[in-house]
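> What would the 3D arrangement of this be:
(one chain, ligands or ions: 1)
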Amino acid sequence: MSTAVGPKVSHLSTQAALLDVIRGAGRISRVDLARRTGLTGATVSIVVRKLIDEGMVVEAGRAESTGGKPAVLLELDPDARYSIGVHLEQSGITYVLSNLGGAVVGRWRHTGAETADPSSVVERISLDLTSLVDSVGIDPDLLVGLGLVSPGPLASSVGMALTRPSMNAWTDFPLAAALQRSTGLPVMLENDATASAVGEYWSGSHGGSTCFAALYMGVGLGSGLMVRGDLYRGASSNTGEVGHICVALDGPECWCGGDGCVEALAGPEVVVAEARAAGISLPGNGHDNDFAALTRLALNDDERARSILHKSARYVALAAQALANIMDLDRIVLTGPAFAQAGSLYVPAIRERLNRSFFARTTHPIEVTISLHANEAAAIGGAALVLQSELAPRASSRLAVRGPSSPSSPSFMGARRSSARAFR
Ligand SMILES: [Zn+2]
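Sure, this is the predicted structure:
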């Protein structure tokens, strides 16, 4: 269950801003809506009327009287609209279905992109979504859009502009257009680390922070930043690339074009390679499984595994310190699939470095925590970003009614089975 708190209203449309404030407040009067958003009473009345007519907002009793006529309270109808978050990775695709209130009502994880042709992966995503929406039993007409989250950097709304070698086939693939064509839904693209910051924020991991970072480790290392409730996007939503801070001049080459990057010295792929070179036996069925196996060894006190991960943690701590110093952070949340496995092995090194040398440490503390939903924060963020967008009418095209080609998974987590009505 998400805590539905959105960013400040400054970057949102009037309708999205009002929905966001109502979502955060639970129940609120028109007068308080005007006060919180700075909009005029007349504007609030007009937009609220439209939201009521469209079924997204309902009147829900009256406030306690403060002398005059008690004000009518408004609240969201959480089941009036839904959005989808899809986190596309080489090793797995995570799906999240969120309602208008920000609660996750369906989730699923399926085989990743691996080395498949991008067009076939897009087709598979579309089939998976058909099954997910069907299994949860919602009306496809209530879907407002799809937030597709992938490793950056992203080229605006088009696709991935630069990819690590294992995903070269995705470079310049028109991902947004292909997905929109296949699903009939409006598609937003977002960098995985940036989306994870939104996902953590919506899930309440910010803990009242005014400036926090989601430090994200999947196949690579990056971060997303929330400043006073606003997502900090930089020029193109590719902020916080702390994995590509150079910490060793003349260090190993990195796929980004630099050398001596934290990721090239201490990212999960490098850690797995070091473990293998040290003679540690790993399953060899994907780097994420290998990284998870190495983590389990370290947690079971295998000295060689602990030593390799400790060295990685010290480098990651350098990246965390640089980020904390530049942004004057008060909280860092470790998230993403690699931290879901190994967060407890990285936290001590990061805390130790920040306690010793975080520049603002005498002014305010900095919290370092591990996410409680590190595997799906990015997908939650993708769905949240769609809900915070315009909530424009859907594209006119619809997905074709699908046959019985359900995914092979035995069930959707958190989903209830319904009749075989397909996601159109
Ligand atoms: Zn790099």
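> For residue 188, see how far away residue 110 is.
From residue 110 across to residue 188, the span is 21 Å (Cβ to Cβ, to the nearest Å). From N, CA and C alone the C-beta is placed, and that goes for glycine too.
> and what of residue 108?
In terms of Cβ to Cβ, residue 108 sits 20 Å off from residue 188.
> who's more crowded, those two?
Ranked by neighbour count (other Cβ atoms under 10 Å), residue 108 and residue 188 place residue 108 first, with 24 against 21.
> From residue 38, how far off is the more buried one?
40 Å.
> Break down the stretch 201-350 of the chain into its strands, ranges please.
Counting by DSSP state E, counting those that start in this stretch, the stretch 201-350 of the chain has strands at residues 211-217, 221-227, 230-232, 331-335.
> now for the third one, which elements pack on it?
Read it as strand 230-232. Applying 3 or more Cβ pairs under 8 Å, 6 or more residues apart in numbering; DSSP states H and E, we find strand 230-232 packed against helix 192-202, strand 221-227.
> Highest mean neighbour count out of these?
Neighbour counts (mean count of other Cβ atoms under 10 Å) averaged over each of the helices and strands packed on strand 230-232 peak at helix 192-202, with a mean of 31.
> Would you agree residue 34 is in contact with residue 47?
No - the pair formed by residue 34 and residue 47 falls short of the contact definition of Cβ atoms under 8 Å, at 10.6 Å.
> and the stretch 251-400 of the chain, which of its residues are near the ion?
For the stretch 251-400 of the chain, the contact set with the ion under Cβ under 5 Å from the ion comprises 254, 256, 258, 261.
> Nearest to the spatial middle of this structure, which residue is it?
residue 378 (2.0 Å; Cα atoms, centre = their mean).
> between the helix or strand that one falls within and strand 331-335, how many degrees?
Assessed by DSSP states H and E, residue 378 sits inside helix 377-388. Interaxial angle of helix 377-388 relative to strand 331-335 (axes from the mean of the first three to the mean of the last three Cα atoms, to 10 degrees): 110 degrees.
> which strands and helices sit next to helix 377-388?
helix 14-25, strand 82-88, strand 92-99, strand 104-111, strand 143-150, strand 187-191, helix 192-202.
> can you tell me which of these comes nearest to the ion?
Nearest to the ion, of all those, is helix 192-202, at 13.9 Å by Cβ to the ion.
> for the record, mean pLDDT for the closest one?
Helix 192-202 comes out with an average pLDDT of 90.
> Ok, stretch 26-38 next?
92.
> can you list contacts of that stretch?
9, 17-18, 21-22, 25, 39-41, 43-45, 48, 60-61, 63, 71-75 (Cβ atoms under 8 Å, 6 or more residues apart in numbering).
> give me that answer again for 7 Å
Identification of contacts with stretch 26-38 by Cβ atoms under 7 Å, 6 or more residues apart in numbering yields 9, 17-18, 21-22, 40-41, 44-45, 48, 60, 63, 71-75.
> now swap in stretch 288-306 and tell me
Residues contacting stretch 288-306 (Cβ under 7 Å, 6+ apart): 91, 268, 271-272, 275, 278, 280, 282-284, 309, 337-338, 341-342, 345.
> Tell me the one of those nearest the ion?
Nearest to the ion among those is residue 268, at 14.0 Å by Cβ to the ion.
> Tabulate the strands of the stretch 201-350 of the chain in JSON lines, adding columns for mean pLDDT.
What follows is the strands of the stretch 201-350 of the chain, written out as JSON lines (pLDDT from 0 to 100):
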{"stretch": "strand 211-217", "mean pLDDT": "95"}
{"stretch": "strand 221-227", "mean pLDDT": "94"}
{"stretch": "strand 230-232", "mean pLDDT": "88"}
{"stretch": "strand 331-335", "mean pLDDT": "96"}
